[in-house]
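Q: model this:
(2 chains)
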Number of protein chains: 2
Amino acid sequence: MEKIMEFEFSKEFLERFKLALTVRDDVYIQESLGGVRSADICEILSEIGIEEAKYAFDILSSDIAADVLVELEEDFRVEFMEYFTINELSHFIEILDSDDGADLLNELSPQRREEILEEIKNEEKVGHLLDLIRYDEDVAGGLMAKELVKARENWTVKRCIEEIKIQAENVEKIYSVYVVDQQERLKGRVSLKLILLADENKKVAEIFEENIISVGIFLEAQDVANIMQKYDLDAVPVVNVRRKLVGRITIDDVVDVITESAEEERQLMSGVTSGIEEDDGVWVISKARLPWLVIGMTGGLIAAQIADYYSGALNIIARLSLFIPLIMATGGNVGIQSSAIVIQSLAGKNGFHDTLGNRLLKMFYVAMVNGSILSVIVFGAIMLLFKDQLLAITASIALLNVVLLASFMGTITPLLLDRFGINPAIASGPFITTANDLLGLTVYFSIAVFLYSL
Amino acid sequence: MEKIMEFEFSKEFLERFKLALTVRDDVYIQESLGGVRSADICEILSEIGIEEAKYAFDILSSDIAADVLVELEEDFRVEFMEYFTINELSHFIEILDSDDGADLLNELSPQRREEILEEIKNEEKVGHLLDLIRYDEDVAGGLMAKELVKARENWTVKRCIEEIKIQAENVEKIYSVYVVDQQERLKGRVSLKLILLADENKKVAEIFEENIISVGIFLEAQDVANIMQKYDLDAVPVVNVRRKLVGRITIDDVVDVITESAEEERQLMSGVTSGIEEDDGVWVISKARLPWLVIGMTGGLIAAQIADYYSGALNIIARLSLFIPLIMATGGNVGIQSSAIVIQSLAGKNGFHDTLGNRLLKMFYVAMVNGSILSVIVFGAIMLLFKDQLLAITASIALLNVVLLASFMGTITPLLLDRFGINPAIASGPFITTANDLLGLTVYFSIAVFLYSL
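A: Predicted coordinates for the structure are as follows:
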């Protein structure tokens, strides 16, 4: 029912396309890629061998090829660019927007980077690129492009339009014209819609919007994303400490930041290191998963040691071991729940934050409520199933304590990680969960030993 | 260092503001909210009592108030709107974009909805609203606004600009003018930039872009988001089955879809039901967490029953219980890892997908690699720590089987859930994890009983 005007992928197409590549059937390749969008070409290229991909790439028109190069997956592109000459790369980097060009440069060796910058003729572009490659990917400076349209307050709307015409080649998407003073400091903006609607002879000073939102060069990418989302911005100007306008960030770059950080979080929470995807090879996937599994297993071995330490008690009261899974699972679940809500809050856009004391207090109340309810259920269940009062008391008291402890750990760990600049999502991952398991087990056995007076 | 021109929140401001509200100091309220952006006003309102919030809201200018109403958190807004008269609500819904107006209507009781629609004078707006409230929030129809600028192929650029001037009041953000034929079918678009740059007397037919991406009314919101992100679109036109242009979706709505689905996924993975936030009350948070904890605990009680069933074996070989945590933790980790990668792939934008057979085969290889490595480590560790060959063999064989089983469950469960239209992220949540734990425990004891010939 849904009609999307999107390129249709099929196994048949891919087979036929690969065949055309092996026999170097340039006409077929050209025809089958004609009119296909760059994002779709990227997917096709990533499905064929890298040398084949380069062959098909060379047949593309220069503009499409440049877009494709930018939109390829980073891992693939790094490898792919090794098949390019310095001449080819400098050609593409010269015609791309400065932010995309800088991204490509940052993926190359310092030596190739030097050679490419020497090769580029446009001095202004080289200046932009040199400026941009200094910034990390995860701050505003690393997201911004230098290309934008500037205007002065005393300009007329007509002059703005002329300036846009001059800059239109360089600036792909124009949302606003930014108004600056003689020191290039940001004063405000005029939206494209307003320019279109205003009288040609009106002065910019009369129509421009003052007091607009801007971000500093070193603001974190995630914060830029939060601000643009909160205030529904299509683009945001970037200023330096002296409020000089140095670039602008567009919403498409920020959408990528948002999805990448969601994906990173998912991988941290599920204990998979490094960005892997389902179509990576068996060894790549195995390697990415193994570290966390080994950590979890080491935790399991330590748990065995702890249990062995209490083997005296276990030998006397064999039934104690029956509730190890219950204690561990509940502690784990409580810990993950507690950390998830703190992580969400840390990632969020809300301006008001609770103090640490209030957070811990509320965490304590929630843990008391849920811990008490669970303890009562467990007490009843054990009395019913095993008719053993001491066992029921031991398990339910231990459970309450484990819930309290896991809540505390789940709340405090992401806050501490965040304080030290580590992504707090790790707190929901296997490492912390394993630590929680061990703590829970120790609490359980300690309480058992105490109550059974062993 | 970073300078964001954002409203500064402080406890002091809030205290002072609340005080002004209690004494009904309208001048102070008006002054302190003057020039504050709507998104910031929303945060202030959500921090004060709901009646106080309504009082402050009424002091706002009509335009700002309408924006605030749209940007409030949904839960808060539903409650907040109960303090509004039919007259007030119809006023705001009339001046809002149709998509925002329809969202508000959908949050009201059917009776109030009727009354409001009767109250609205603008017949075109009523038509738009009636059209939009039919669609679910999670399809393109539920995201789109009816307001857009249309043009015909035989129009001149000049006429386009005139049409934009007429529509500018209704359409807040204009990215493109959509070109339609006499049956209102979508033919293509002209970007605002192009209109600004083109000769006034040029015909639309000469400059418009054909073969543009559009989405069907019933396409899922997540797919709309993927398409807009993949092709870097600021706005996408929505068409019905006859390709008639019925609305357009802008990137800001889609950014909300992306973050909301990331948040939903986090909550599913961490076992928290319903959208709660850190500043909700103790009871709300406790209630949202309890269901999963009870499920997890029930799993723990079943695990106790399983272990009790094997108590004969446990009594003879007490050491078997030492490795329950290891088996369960590893099974849980493997299951979460496997499901996470499938979930990521299901949410992703890649056009090519593996067949089920290939997926399971690759899953099997990965599980064999990691399972074997872990088994060898466990065998060595137990020999070293406990010097018990039979125990080492039992634990390592059980571990390999648990890894294989958990991988299979982790791969197949999200695929099945997705097939039945359930969010596959649940597969990483406590429910499935608990089921995996129980399976793992059973496998462990079965193998032990077999190997020890008990």
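
Q: hey, let's count contacts and neighbours off CA atoms from now on
A: Noted.

Q: any idea how far the lowest-mean-pLDDT helix or strand in chain A is from the chain center?
A: The helix or strand of chain A with the poorest confidence is helix A:311-316; it has a mean of 78 (mean pLDDT, DSSP states H and E). Helix A:311-316 has its C-alpha centroid displaced from the chain centroid by 48 Å (Cα atoms, centre = their mean, to the nearest Å).

Q: for burial, what's the neighbour tally of the residue in the stretch 351-454 of chain A that chain B sits nearest to?
A: Going by Cα to the nearest Cα, chain B is nearest to A:Val366 of the stretch 351-454 of chain A, at 5.4 Å. For A:Val366, the count of nearby residues is 25 (other Cα atoms under 10 Å in any protein chain shown).

Q: work out for me the element it sits within.
A: Using DSSP states H and E, A:Val366 maps to helix A:356-386.

Q: what's the burial count for the closest residue to chain B within the stretch 101-250 of chain A?
A: Among the residues of the stretch 101-250 of chain A, A:Gly216 lies closest to chain B, at 4.6 Å counting by Cα to the nearest Cα. By other Cα under 10 Å, 25 other residues sit near A:Gly216.

Q: any idea what it is bridged to?
A: A:Val239 (DSSP bridges).

Q: isn't it up against A:Lys244?
A: No - at 9.9 Å, A:Gly216 and A:Lys244 do not qualify as touching, with contact defined as Cα atoms under 8 Å.

Q: give me the pLDDT value at the residue nearest to A:Tyr55 when sequence neighbours are not counted.
A: In space, and not counting its chain neighbours, A:Tyr55 is closest to A:Leu21: 7.8 Å by Cα to Cα, 6 or more residues apart in numbering or on different chains. A:Leu21 carries a pLDDT value of 90.

Q: buried ones in the helix holding A:Val366, by neighbour count?
A: A:359-360, A:362-364, A:366-380, A:382-383 (16 or more other Cα atoms under 10 Å in any protein chain shown).

Q: how far is the strand or helix carrying the residue nearest to A:Tyr55 from where the chain is centred?
A: Using DSSP H and E, A:Leu21 maps to helix A:11-22. Distance, stretch centre to chain centre, for helix A:11-22: 34 Å (Cα atoms, centre = their mean).

Q: what's the answer for stretch A:217-229, then?
A: 12 Å.

Q: before we move on, the earlier item: test my guess that the residue of the stretch 351-454 of chain A closest to chain B contacts B:Val284.
A: No - counting by Cα under 8 Å, A:Val366 does not reach B:Val284; the two are 9.2 Å apart.

Q: stretch A:192-203 near chain B at all?
A: Yes - applying Cα under 8 Å from any Cα of the partner chain, one finds stretch A:192-203 in contact with chain B at A:192-193, A:196-197.

Q: whoops, I mixed them up, stretch A:166-185
A: Yes - against chain B, stretch A:166-185 shows contacts by Cα under 8 Å from any Cα at A:173-174.

Q: returning to what we had before: which SSE is immediately downstream of the least confident helix or strand of chain A?
A: Toward the C-terminus, helix A:311-316 is succeeded by helix A:324-347 as the next helix or strand (DSSP H and E).

Q: now for that next one, which elements pack on it?
A: Applying 3 or more Cα pairs under 8 Å, 6 or more residues apart in numbering or on different chains; DSSP states H and E, one finds that helix A:324-347 makes contact with helix A:389-419, helix A:430-451, helix B:251-270, helix B:282-309, helix B:324-347.

Q: could you redo the last one with a cut-off of 7 Å?
A: Here helix A:324-347 touches helix A:389-419, helix A:430-451, helix B:251-270, helix B:282-309, going by 3 or more Cα pairs under 7 Å, 6 or more residues apart in numbering or on different chains; DSSP states H and E.

Q: check the offset of the first one from the chain's centre.
A: On the basis of Cα atoms, centre = their mean, helix A:389-419 sits 30 Å off its chain's mean C-alpha point.

Q: and what of the second one?
A: Distance of helix A:430-451 from its chain centroid, counting by Cα atoms, centre = their mean, is 33 Å.

Q: and A:Gly247, backbone torsions?
A: Dihedral angles of A:Gly247 (phi, psi; degrees, to the nearest 10) stand at phi 180, psi -170.

Q: and what of A:Glu209?
A: The phi and psi values for A:Glu209, taken as degrees, to the nearest 10, are phi -90, psi 120.

Q: whichever residue of the stretch 301-450 of chain A sits closest to chain B: neighbouring residues, count only.
A: Closest contact between the stretch 301-450 of chain A and chain B, by Cα to the nearest Cα, is at A:Leu326 (3.7 Å). When neighbours are counted by other Cα under 10 Å, A:Leu326 registers 23.

Q: how much space between A:Ile217 and A:Leu143?
A: 9 Å (Cα to Cα, to the nearest Å).

Q: hang on, the earlier thing: which secondary structure elements does the least confident helix or strand of chain A contact?
A: Short answer (3+ Cα pairs under 7 Å, 6+ apart): helix A:311-316 packs on no helix or strand.

Q: quick check: buried residues in that helix?
A: Here helix A:311-316 shows A:311, A:313-315 as buried, counting by 16+ other Cα under 10 Å.

Q: now the residues you listed in CSV, with distance to B:Ala307?
A: Formatted as CSV, the buried residues of helix A:311-316 follow (distance: Cα to Cα, whole Å):
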residue, distance to B:Ala307
A:Ser311, 17
A:Ala313, 17
A:Leu314, 14
A:Asn315, 15
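
Q: for A:Pro424, which non-adjacent residue is closest in space?
A: A:Pro414 (4.5 Å).

Q: pLDDT score for that neighbour?
A: pLDDT at A:Pro414 comes out at 87.

Q: run a quick neighbour tally on it.
A: Around A:Pro414 there are 26 residues (other Cα under 10 Å).

Q: the one 5 residues further on now?
A: A count of neighbours around A:Arg419, defined by other Cα under 10 Å, yields 11.

Q: pLDDT weak spots in chain A?
A: Within chain A, the segments meeting pLDDT under 70 span A:1-9, A:273-278, A:348-354, A:454.

Q: try 50 this time
A: Scanning chain A for pLDDT under 50 picks out the ranges A:1-5, A:349, A:351.

Q: residue nearest the centroid of it?
A: Nearest residue to the geometric centre of chain A (Cα atoms, centre = their mean): A:Ser261, 1.6 Å.

Q: what residues does the residue of the stretch 301-450 of chain A closest to chain B make contact with?
A: Neighbouring residues of A:Leu326 by Cα atoms under 7 Å, 6 or more residues apart in numbering or on different chains: B:297, B:300-301.
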